[in-house]
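Undergrad: can't give you the sequence, but here's the structure:
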């Protein structure tokens, strides 16, 4: 059982400091590589699925969140407004959807543009109480992999299905298996938008998608977003704690609140539906789960160091540096562990989490061939160095958990 808080510090991935504040982790170089690799993968996955990426500010006027409903239903989880003068208050955003709704309505839209798939890896902020903060799983500053699809009613089911299929592709690449799917429904307490007819329509659409895909699910009463039901993809950590990593939501509420519309085939104004989806959700929580899932032995495409080069002695140091430089040219991450780091055995153990290792002795330097040691213990027959790097590069680009 791995604890990402302990392992993250041991592997120099991230840390916290009371001077910066609780719930505000910072990413060290190796952790930054892990995070950037994950973010680059998600962006590319979304681009291939027809998403257009945007950027929006992490601040918004209080009026924006009053319009969206966050201020009425979610205020306790938001930071206090920043007063900029009389009748001018700014709020650190607790979500990205209000910004995206405003971006949709910033232009006249035609039915020909729908579905319009908008995605962003953006910052948001939650006023979490100190007692619930922990490592990367509960933080106050969140980098969210968010996306919103603006579509016609007839397109909702297909877009929700496509979002679930995109999540499945990402999970296979990351080596993650969901523990269950949850259909999150409203509960009591007045914390939900009081429009029963909208809830019924949205819930029926999500149930239809789950049934069509043959995905078993459980209902979670009281787990819905304040504006609509959602499909939550649940994962379990090493201690048996369950959390939501990914989500798909159907929202009829915010398009009404922001008076969103598009011009239909008939020339009249029509209201779009908003599908919210997060492929990996919070990057922090996703990284925490990956650390615990793999124990630091990440898939090659995520590994901070992909190839460890171990020269036998000082005579092979130049060749080792040249090999690492060639890796850099091929966009592979290599590190030379020279003899100054200890005996060969000690260096092999030091690089135990690196997917690929090569030892360079006089014979390897003379022949230009490399005998690769895989992290899982396999030792491969010697191959020309360029072929080895090409094969490693192909595995990295394929975003697979397989090493060879």
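TA: Ah, there it is. In this text the structure is predicted, and so the values were computed from the model without any measurement.

Undergrad: report pLDDT for the closest residue to residue 282 other than its chain neighbours.
TA: The shortest distance from residue 282 to any non-neighbouring residue, by Cβ to Cβ, 6 or more residues apart in numbering, is to residue 142 (5.0 Å). Placement of C-beta: from N, CA and C, glycine included. Residue 142 is assigned a pLDDT of 96 by the prediction.

Undergrad: quickly list what residue 142 is bridged to.
TA: Counting by DSSP bridges, residue 142 is bridged to residue 124.

Undergrad: now residue 138
TA: With DSSP bridges as the criterion, residue 138 is bridged to residue 134.

Undergrad: picking up where we left off before, residues contacting the residue nearest to residue 282?
TA: Residues near residue 142 by Cβ atoms under 8 Å, 6 or more residues apart in numbering: 123, 124, 125, 126, 282, 283, 284.

Undergrad: tell me how many other residues crowd the nearest residue to the fourth one once chain neighbours are set aside.
TA: Once flanking residues are discounted, residue 126 sits nearest to residue 77: 5.4 Å by Cβ to Cβ, 6+ apart. The tally of other residues near residue 77 (other Cβ atoms under 10 Å) stands at 14.

Undergrad: residue 77 contacts residue 94, doesn't it?
TA: Yes. Residue 77 lies in contact with residue 94 (Cβ atoms under 8 Å); the separation is 6.0 Å.

Undergrad: residues shared between the contacts of those two?
TA: Joint contacts of residue 77 and residue 94 (Cβ under 8 Å, 6+ apart) are residue 126.

Undergrad: by neighbour count, which of the contacts of residue 142 wins?
TA: In terms of neighbours by other Cβ under 10 Å, the contacts of residue 142 top out with residue 282 at 24 neighbours.

Undergrad: state the distance from it to residue 138.
TA: The gap separating residue 282 from residue 138 is 9 Å, by Cβ to Cβ, to the nearest Å.

Undergrad: per-residue confidence for the residue nearest to residue 126?
TA: 89.

Undergrad: in the helix or strand of the chain with the lowest mean pLDDT, what's buried?
TA: The weakest-scoring helix or strand in the chain, judged by mean pLDDT, DSSP states H and E, is helix 70-74 (a mean of 87). Across helix 70-74, burial judged by 16 or more other Cβ atoms under 10 Å covers 70, 71, 73, 74.

Undergrad: quick one: the last one and residue 225 touch, right?
TA: Read it as residue 74. No. Judged on Cβ under 8 Å, residue 74 makes no contact with residue 225 at a distance of 9.2 Å.

Undergrad: I figured residue 82 hits residue 90, correct?
TA: Yes. With contact defined as Cβ under 8 Å, residue 82 counts as touching residue 90 (4.6 Å).

Undergrad: common neighbours of the two, please.
TA: Counting by Cβ under 8 Å, 6+ apart, the residues touching both residue 82 and residue 90 are residue 59.

Undergrad: neighbour-wise, which of the two wins?
TA: Each of residue 82 and residue 90 has its neighbours counted (other Cβ under 10 Å); residue 90 has more, 16 against 12.

Undergrad: could I get the buried residue list for the helix or strand where the more buried one lies?
TA: Element membership of residue 90 [criterion: DSSP states H and E] is strand 89-92. For strand 89-92, burial by neighbour count (16+ other Cβ under 10 Å) applies to 90, 91, 92.

Undergrad: just stretch 35-44 next, same as before
TA: For stretch 35-44, by 16+ other Cβ under 10 Å, it's 35, 37, 38, 39, 41, 42, 43.

Undergrad: take the residues you listed and keep only those in helices.
TA: 35, 37, 38, 39, 41, 42, 43 (DSSP state H).

Undergrad: give me the pLDDT for the third one.
TA: What it means is residue 38. 97.

Undergrad: wait, it sits on residue 281?
TA: No. The pair residue 38 / residue 281 is not scored as a contact, 11.6 Å apart, by Cβ under 8 Å.

Undergrad: the stretch 201-350 of the chain: helices as residue ranges?
TA: Assigned by DSSP state H, counting those that start in this stretch, the stretch 201-350 of the chain shows helices spanning 253-257, 283-294, 317-329, 344-350.
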